[in-house]
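Q: Output the structure for:
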Amino acid sequence: MRAEQEAEFRKYVAARVDRLRRFGYLCCGDWQRAEDAVQTAFIKLYGVWARRSSDACDAYVRRIVANALIDEHRRGWFRRERASDRLPDRTVPDASAASVETLHIMNALARLPNRQRAVVVLRYWEDLSIERTAEVLNCSIGTVKSQGARGLRTLRALLSDSMPERTLGATS
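A: A predicted model of the protein is given here:
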């Protein structure tokens, strides 16, 4: 890779690492797994950086993150990384500072199946269109619609159990 391409890549990574890490966290509910998926995505992106299409780069990286999280979940326990006694270099945000409502929502989101969680996060957190979400997840538009509807229905049920004082999805 040429020096100016290397500088472009570094600038791209610096600008998007936090947003992609949050996206990964929302998809899996674990900061460490999210960071691993984002690192995997950047490694794969680095390999194709010289021949990439700049307008589809964000969608490509999101797809890699989502697929890495789904693939990691499918791996058997013997192929996963082993825990270490060493602490990570970065600090993880303190979840105790989050509101109770946010914790309920995050717990409910973590209980969704992987595909439904990915669709819900891409559609309603990342604010992608149905077509763009289908492109990122490499699936049909119908799959995005059905997984999104099931995911929202499941979230409503989970949240109505944990937060009965709120009427989720009620129309006035």
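
Q: all contacts plus neighbour counts: C-alpha atoms, from now on.
A: OK.

Q: Not counting sequence-adjacent ones, nearest residue to residue 143?
A: Among residues not flanking residue 143 along the chain, residue 134 sits closest, at 7.7 Å (C-alpha to C-alpha, 6 or more residues apart in numbering).

Q: got the contact list for that neighbour?
A: Residue 134 makes contact with 140-141, 143-144, according to C-alpha atoms under 8 Å, 6 or more residues apart in numbering.

Q: Likewise for residue 52?
A: Residues near residue 52 by C-alpha under 8 Å, 6+ apart: none.

Q: can you name the two of the contacts of residue 134 that are farthest apart?
A: 140 and 144 (6.6 Å; C-alpha to C-alpha).

Q: more crowded one of those two?
A: Neighbours per residue, other C-alpha atoms under 10 Å: of residue 140 and residue 144, the larger number sits with residue 144, 27 against 13.

Q: The more buried one against residue 119, yeah?
A: Yes - using C-alpha atoms under 8 Å, residue 144 is in contact with residue 119, at 6.3 Å.

Q: tell me what the helix or strand harbouring residue 8 is packed against?
A: Taking DSSP states H and E as the criterion, residue 8 maps to helix 3-28. On a contact count with 3 or more C-alpha pairs under 8 Å, 6 or more residues apart in numbering; DSSP states H and E, helix 3-28 meets helix 31-48, helix 57-74, helix 100-110, helix 114-120.

Q: Of those helices, which stretch is the most buried?
A: Neighbour counts (mean count of other C-alpha atoms under 10 Å) averaged over each of those peak at helix 114-120, with a mean of 25.

Q: For the residue nearest the centre of the chain, which non-adjacent residue is spatially closest?
A: By C-alpha atoms, centre = their mean, the mean C-alpha position of the chain lies nearest to residue 24, the distance being 3.0 Å. Ranked by C-alpha to C-alpha, 6+ apart and with sequence neighbours excluded, the top spatial neighbour of residue 24 is residue 34, at 4.4 Å.
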